[in-house]
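**Q** structure here, sequence nowhere to be found:
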């Protein structure tokens, strides 16, 4: 399985980022919570692919559902 998220103290102080970028994963959730679309997020962060976003959302969904 391809790495989706990287946590490295040398990258943004250890904040979770999309693999291969310096884009915080939290930014995706902040955009969505603010009513923006995935397309809006991707326009603002062209280094992140749609596939990465969908994969992170899917993984997050699995974690939430596993806790139910």
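**A** Good, I have the coordinates. Remember, predicted model here, so these are calculated numbers, not experimental data.

**Q** what is the burial count for residue 16?
**A** Here the number of neighbours of residue 16 (other C-beta atoms under 10 Å) works out to 15. For the C-beta atoms, the positions are set from N, CA and C on the backbone; glycine is no exception.

**Q** that one reaches residue 4, doesn't it?
**A** No: shown here, residue 16 and residue 4 do not form a contact pair, counting by C-beta atoms under 8 Å, at 9.6 Å.

**Q** how about low-confidence regions in this protein?
**A** 1 (pLDDT under 70).

**Q** please tell me how far the spatially most central residue of it sits from residue 34.
**A** Central residue of the chain (C-alpha atoms, centre = their mean): residue 25, 3.3 Å from the mean position. To residue 34, residue 25 is 15 Å away according to C-beta to C-beta, to the nearest Å.

**Q** now swap in residue 13 and tell me
**A** Relative to residue 34, residue 13 is positioned 23 Å away (C-beta to C-beta).

**Q** and if you look at residue 8?
**A** Distance of residue 8 to residue 34, computed by C-beta to C-beta: 27 Å.

**Q** so between these two, which is more surrounded?
**A** Neighbour totals were compared for residue 8 and residue 34, and residue 8 leads with 11 against 8 (other C-beta under 10 Å).

**Q** helices of the protein, start to end?
**A** Listed in chain order, the helices found in the chain under DSSP state H are 25-33, 38-44, 50-66.

**Q** from those, pick the one with the highest average neighbour count.
**A** Per-residue neighbour counts averaged over each of the helices of the chain give the maximum for helix 25-33, namely a mean of 15 (mean count of other C-beta atoms under 10 Å).
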